[in-house]
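Peer 1: pasting the sequence and the predicted coordinates here, then a few questions.
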Amino acid sequence: MKLHHLKPAPGSRTRKVRVGRGEGGRRGKTAGRGTKGQKARGEVRPGFEGGQMPLQRRMPKLKGFKSRNKEIFAVLNIERLNSFAPDETITPELLRSRGLVKHRGRIKVLGEGDLDRALTVRAHSFSLGAVEKIKAAGGSVEVVE
């Protein structure tokens, strides 16, 4: 047997109906499309919704771009850490329990304000200014994953 001997099983493939080939055939004149109307004519452009206001025009015209993959941090300035006792270890759980951070996600410590006590601060991220100020006050920084 060779490739040119192969053919589909009998009855599995039917001949295509040739439409619009004259009045004599059963698919002549309107070629099975009924009479008039949008479906009897050519294709409509993509996005056309039959005269209804299209989705792209119903959407608000917002400026800018918002990434879905952006990491969202709860931010905390180091001046808020002055409420803790000296030499205390500050963890994300402790910050949440004290109400300094509302958000359940990751925490970033920023360097706004001054720190007057030595603290061990554990957070997910730190700004360079925050690291400098915490170390200058005699504390240490630990990055939590």
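Peer 2: That came through, no problem. Residues are numbered from 1 along each chain as shown.
Peer 1: against Ile90, how distant is the residue lying farthest from the centre of the chain?
Peer 2: Distance from the C-alpha centroid of the chain, by C-alpha atoms, centre = their mean, peaks at Gly24 (57.2 Å). Distance of Gly24 to Ile90, computed by C-beta to C-beta, to the nearest Å: 90 Å. Where you see a C-beta, it was placed from the backbone N, CA and C, and this is true even at glycine.
Peer 1: before we move on, the earlier item: can I assume the residue farthest from the centre of the chain sits in a helix?
Peer 2: No: Gly24: not assigned to a helix; according to DSSP: H, G, I helix; E, B strand; the rest coil it is coil.
Peer 1: now the strands for the chain?
Peer 2: Remark: strands assigned in the chain by DSSP state E are 73-77, 89-90, 106-110, 120-123, 125-126, 140-143.
Peer 1: would you turn those into TSV with distance to Thr35, mean neighbour count and mean pLDDT?
Peer 2: Compiled in TSV, these are given as follows (distance: least, C-beta to C-beta, whole Å; neighbours: other C-beta atoms under 10 Å; pLDDT from 0 to 100):
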stretch	distance to Thr35	mean neighbour count	mean pLDDT
strand 73-77	63	17	92
strand 89-90	78	17	93
strand 106-110	64	20	93
strand 120-123	72	20	94
strand 125-126	68	18	94
strand 140-143	73	13	94
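Peer 1: turn the ones you listed into TSV, including distance to Met53.
Peer 2: What follows is the strands of the chain, written out as TSV (distance: least, C-beta to C-beta, whole Å):
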stretch	distance to Met53
strand 73-77	39
strand 89-90	54
strand 106-110	41
strand 120-123	48
strand 125-126	44
strand 140-143	50
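Peer 1: Lys36: which of the ones you listed is closest?
Peer 2: Lys36 lies closest to strand 73-77 among the strands of the chain, at 60.7 Å (C-beta to C-beta).
Peer 1: other SSEs contacting the closest one?
Peer 2: For strand 73-77, the elements it packs on are strand 106-110, judged by 3 or more C-beta pairs under 8 Å, 6 or more residues apart in numbering; DSSP states H and E.
Peer 1: note down every partner strand of the strand it packs on and its orientation.
Peer 2: strand 73-77 (parallel), strand 125-126 (parallel) (DSSP bridges).
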